[in-house]
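K.L.:
here's my sequence, what's the structure:
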Amino acid sequence: MKKLFFAGMLLLFLAPPLAMAQSPFDGTWKADPATFQYPEKPDQYLLQNGMYECKTCAPPINIKADGADQKVTGHPYFDTLAVKAIDDHNVESTTKRDGKVVGTEKDSISADGDTLSVNWTYSGNPTGGTQSGNYTAKRVAKGPAGANLISGSWRTQKEEDSANALTWTFKVSGNELTMTNPVGASYTAKLDGTEAPYKGDPGITSVSVKMLDKDTLEETDKRDGKVIAIAKNTVTADGKTLKIVYEDKLHGTTIKGDAQKQ
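P.N.:
Numbers count the residues shown, from 1 in each chain. So this is what the prediction gives:
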């Protein structure tokens, strides 16, 4: 299921300093989910005949839905997933990495079957404790007859997340940018597009940053040499807001939104 679908996006808002002055990008920033414009492309699930399938996960998931840990491959944040249908309107799942629980999710479908409410947690971070959040999605298409009501296509409408899932700090020094966040992710990268290590996030192994113009910086994230996301971040004239365009290359989607200087 969808996990931490914004965690990578929240680390991508940077720019170089003015000569002999502090960079206006230095400091702590917080993303504002109320400004997010979600992709038109929906998420697709199927829960039927004791099997669970996430067709839009990257890579796709197809496992038994018996509440037991099932091995999955290609997902850096977890290596097992357990899915259990409580009833037609409620589904619970648990993810583990190396035998340790790192994530939980509770999915609830409204009485009319058209609204999906998701509550999630993630605790696989080096520091900073548990991240949590919730989001709602509207049904785009129904699943097949007889399938659990989570089956079908869903488009995210709105979300709320804990502060440690939305907040990060960065500092520009010379031609380098250092980024840190409350849950242990960090990197120091030159502002000329040179690739650098990305630490503390199992889903991102390297990063590069490059100025496109005086107000816009492009960051490229890679996993094991493959581009997984590109973000263009533009600072407003008053220096208080970052306008974000985040391209998720794994899922073929784009999210837009704002972050505010704290």
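K.L.:
what lies in contact with whichever strand or helix holds Y246?
P.N.:
In this assignment (DSSP states H and E), Y246 forms part of strand 241-248. Contact with strand 241-248 is made by 5, 9, 12-13, 29, 31, 39, 228-236, 253-261, as judged by CB atoms under 8 Å, 6 or more residues apart in numbering. Quick note: C-beta positions are derived from backbone N, CA and C, even for glycine.
K.L.:
apply 7 Å and report the result again.
P.N.:
Identification of contacts with strand 241-248 by CB atoms under 7 Å, 6 or more residues apart in numbering yields 9, 12-13, 29, 229-236, 254-260.
K.L.:
just stretch 202-220 next, same as before
P.N.:
Contacts to stretch 202-220, defined as CB under 7 Å, 6+ apart, come from residues 8, 12, 14-16, 76-77, 177, 187, 189, 191-198, 221-224, 227, 230-235.
K.L.:
can I get the CA coordinates of that stretch in PDB?
P.N.:
Coordinates of each C-alpha in stretch 202-220 appear next as PDB, following Å, rounded to 0.1, in the frame of the first residue of the first chain:
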ATOM      1  CA  PRO A 202      16.800   3.400   2.700                       C
ATOM      2  CA  GLY A 203      14.800   4.500  -0.400                       C
ATOM      3  CA  ILE A 204      17.400   7.100  -1.600                       C
ATOM      4  CA  THR A 205      21.100   6.400  -2.100                       C
ATOM      5  CA  SER A 206      22.400   9.500  -3.900                       C
ATOM      6  CA  VAL A 207      21.300  13.000  -4.700                       C
ATOM      7  CA  SER A 208      22.400  15.900  -6.900                       C
ATOM      8  CA  VAL A 209      21.300  19.600  -6.900                       C
ATOM      9  CA  LYS A 210      21.500  22.200  -9.500                       C
ATOM     10  CA  MET A 211      20.400  25.800  -9.900                       C
ATOM     11  CA  LEU A 212      18.100  26.400 -12.900                       C
ATOM     12  CA  ASP A 213      17.900  30.100 -12.300                       C
ATOM     13  CA  LYS A 214      18.300  32.500  -9.400                       C
ATOM     14  CA  ASP A 215      15.100  31.400  -7.800                       C
ATOM     15  CA  THR A 216      14.700  27.800  -8.800                       C
ATOM     16  CA  LEU A 217      16.700  24.700  -7.800                       C
ATOM     17  CA  GLU A 218      16.300  21.200  -9.200                       C
ATOM     18  CA  GLU A 219      17.100  18.200  -7.100                       C
ATOM     19  CA  THR A 220      17.500  14.700  -8.500                       C
END
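K.L.:
mean confidence score for it?
P.N.:
Rounded to a whole number, the mean pLDDT of stretch 202-220 is 90.
K.L.:
identify the bridge partners of G133.
P.N.:
Using DSSP bridges, the beta-bridge partners of G133 come out as W120, D161.
K.L.:
quick one: low-confidence parts of this protein?
P.N.:
Counting by pLDDT under 70, the chain has low-confidence residues at 1-21.
K.L.:
packing partners of whichever helix or strand comes after the strand holding Y246?
P.N.:
Tracing the chain C-terminally past strand 241-248 and defining elements by DSSP H and E, one meets strand 253-261 next. Helices and strands in packing contact with strand 253-261 are listed as strand 27-37, strand 241-248; criterion 3 or more CB pairs under 7 Å, 6 or more residues apart in numbering; DSSP states H and E.
K.L.:
cheers, nothing more for now.
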